[in-house]
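1. need coordinates for the following:
(4 chains)
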Protein chains: 2
Amino acid sequence: MQERIQKIKDQLHAASYKLTPQREATVIVLLENEADHLSAEDVYLKVKEKAPEIGLATVYRTLELLAELKVVDKINFGDGVARFDLRKEGAEHFHHHLVCMECGAVDEIEEDLLGEVELKVERDYNFKIMDHRLTFHGICHRCQR
Amino acid sequence: MQERIQKIKDQLHAASYKLTPQREATVIVLLENEADHLSAEDVYLKVKEKAPEIGLATVYRTLELLAELKVVDKINFGDGVARFDLRKEGAEHFHHHLVCMECGAVDEIEEDLLGEVELKVERDYNFKIMDHRLTFHGICHRCQR
DNA sequence: TTCGATGCAAACCATTTGCATTAAC
DNA sequence: GTTAATGCAAATGGTTTGCATCGAA
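-> Numbers count the residues shown, from 1 in each chain, chains lettered A, B, ... in the order given. As a prediction, the model looks like this:
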């Protein structure tokens, strides 16, 4: 974990930002909840447990900053709240999501399933793809009975 | 156009809702702007041209109703506003979008590119897919110089 | 007449912003 | 010491809701 924090610190410095205690606390919460898709409010509450003096605005600003640096991805599953997802080590593509319509769980697909599809889109539509968002809505394996 | 309105009217009746003048005006605006991805506010302004007495809340309620009946799809490109997209005649899948990061244009991909990908996801992740959302972010053919 | 639908205004709630204070190099 | 970062509270803006009124079967 230390080296991931160090790496993020380097990224911040490279863009001439500092890793303040508040930012570090936010990053730690994200690392500790890597499997989840926390909203800004969720992050705020968890950060507050360790650093009670932090303000909600700071969390918003930090998350926006991290999104700008591509440390996290900001996603929106249509429920009116933005969620933040730590980008995996070295992953340059956005991962896909499986949203369960029954229990609300959000699982991730790590592998990139869109390689061929993207080639086709770039060719057929003359569109230069920089990023993608793919979400499946359905019933997760746990809810299938 | 008449028969599309009639069809929507039938869908409403089947769910025991009425096609009121306000709802009809809203549907007409959607049909007339099928290529666009209007926000609720956009729809409201256009409906107001023909039916100036309509209220914004009614437009919101109508759009929500149409989304519930799967006449329109509610989409979110991450800019804090929901957009509404008429579902094509008989299309049971959600179509894909190309969002240009330069000019903001949103183009559509009618064909379903995810057939094989979905088979793989259902098999490998044991997830029953009901719907999907796929958006590519990049540079559209018009902005490529 | 009855119940859903409408319009208006107020309420909501996630997110952003202004500003005075604080802290890092 | 200078400049960025923070915390608080107020502002913003899209969306929802309460409620009295209206309208169609």
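
2. contact partners for the residue nearest the centre of chain A?
-> With distances taken as Cα atoms, centre = their mean, A:D85 lies nearest the centre of chain A, 1.5 Å away. Going by Cβ atoms under 8 Å, 6 or more residues apart in numbering or on different chains, A:D85 touches A:37, A:72-75, A:95. The way it works is simple: take the backbone N, C-alpha and C, and place the C-beta from them, glycine included.

3. A:K88: neighbour count?
-> 12 (other Cβ atoms under 10 Å in any protein chain shown).

4. got it, and A:M1?
-> The burial count for A:M1: 9, using other Cβ under 10 Å.

5. repeat that for A:Y44.
-> 20.

6. where's it relative to chain B, distance?
-> Note on A:Y44: its distance to chain B, by Cβ to the nearest Cβ, to the nearest Å, is 19 Å.

7. and that residue, what helix or strand is that in?
-> Following DSSP states H and E, one finds A:Y44 within helix A:40-50.

8. show me what that helix is packed up against.
-> The contact analysis (3 or more Cβ pairs under 8 Å, 6 or more residues apart in numbering or on different chains; DSSP states H and E) places helix A:40-50 against helix A:21-32, helix A:56-68, strand A:82-86.

9. can you list those in TSV and add mean pLDDT and distance to A:K7?
-> Output for the helices and strands packed on helix A:40-50, formatted as TSV (pLDDT from 0 to 100; distance: least, Cβ to Cβ, whole Å):
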stretch	mean pLDDT	distance to A:K7
helix A:21-32	96	10
helix A:56-68	96	12
strand A:82-86	95	12
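
10. and among the ones you listed, the most buried is which?
-> Greatest average neighbour count among the helices and strands packed on helix A:40-50 goes to strand A:82-86 (a mean of 21), per mean count of other Cβ atoms under 10 Å in any protein chain shown.

11. does any bit of that strand sit next to DNA strand D?
-> No - judged by Cβ under 7 Å from any atom of the strand, strand A:82-86 makes no contact with DNA strand D; its nearest approach is 12.7 Å.

12. strand partners (parallel or antiparallel) of that strand?
-> strand A:38-39 (antiparallel), strand A:72-76 (antiparallel) (DSSP bridges).

13. next, give me the two most distant ones among the contacts of A:D85.
-> Spatial extent of the contacts of A:D85 (Cβ to Cβ) is set by the pair A:K74 and A:H95 at 13.4 Å.

14. stretch A:132-142 near chain B anywhere?
-> Yes - using Cβ under 8 Å from any Cβ of the partner chain, stretch A:132-142 reaches chain B at A:132-141.

15. between the helix holding A:Y44 and strand A:72-76, how big is the angle?
-> 130 degrees (axes from the mean of the first three to the mean of the last three Cα atoms, to 10 degrees).

16. the inter-axis angle of helix A:40-50 versus helix A:21-32?
-> Using the same axes, to 10 degrees, helix A:40-50 lies at 110 degrees relative to helix A:21-32.

17. which one of the strands paired with strand A:82-86 lies closest to DNA strand C?
-> strand A:38-39 (5.4 Å; Cβ to the nearest atom of the strand).

18. show me the contact partners of that closest one.
-> Here strand A:38-39 has contacts from A:29-30, A:46, A:81-84, using Cβ under 8 Å, 6+ apart.

19. tell me the buried residues in the longest strand belonging to chain A?
-> Assignment by DSSP state E gives strand A:128-139 as the longest strand of chain A. Residues of strand A:128-139 classed as buried: A:128-129, A:132-139 (neighbour count, 16 or more other Cβ atoms under 10 Å in any protein chain shown).

20. what is the mean pLDDT for it?
-> Across strand A:128-139, pLDDT averages out at 94.

21. C-alpha coordinates for stretch A:121-129, CSV please?
-> Taking only C-alpha atoms (Å, rounded to 0.1, in the frame of the first residue of the first chain), the coordinates of stretch A:121-129 have been written out as CSV:
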residue,chain,number,x,y,z
VAL,A,121,-16.1,1.4,-34.4
GLU,A,122,-12.9,3.4,-35.3
ARG,A,123,-13.0,1.9,-38.8
ASP,A,124,-16.7,2.1,-39.6
TYR,A,125,-17.6,5.4,-37.9
ASN,A,126,-14.3,7.2,-38.3
PHE,A,127,-14.3,7.9,-34.6
LYS,A,128,-11.1,8.2,-32.5
ILE,A,129,-11.8,6.4,-29.3
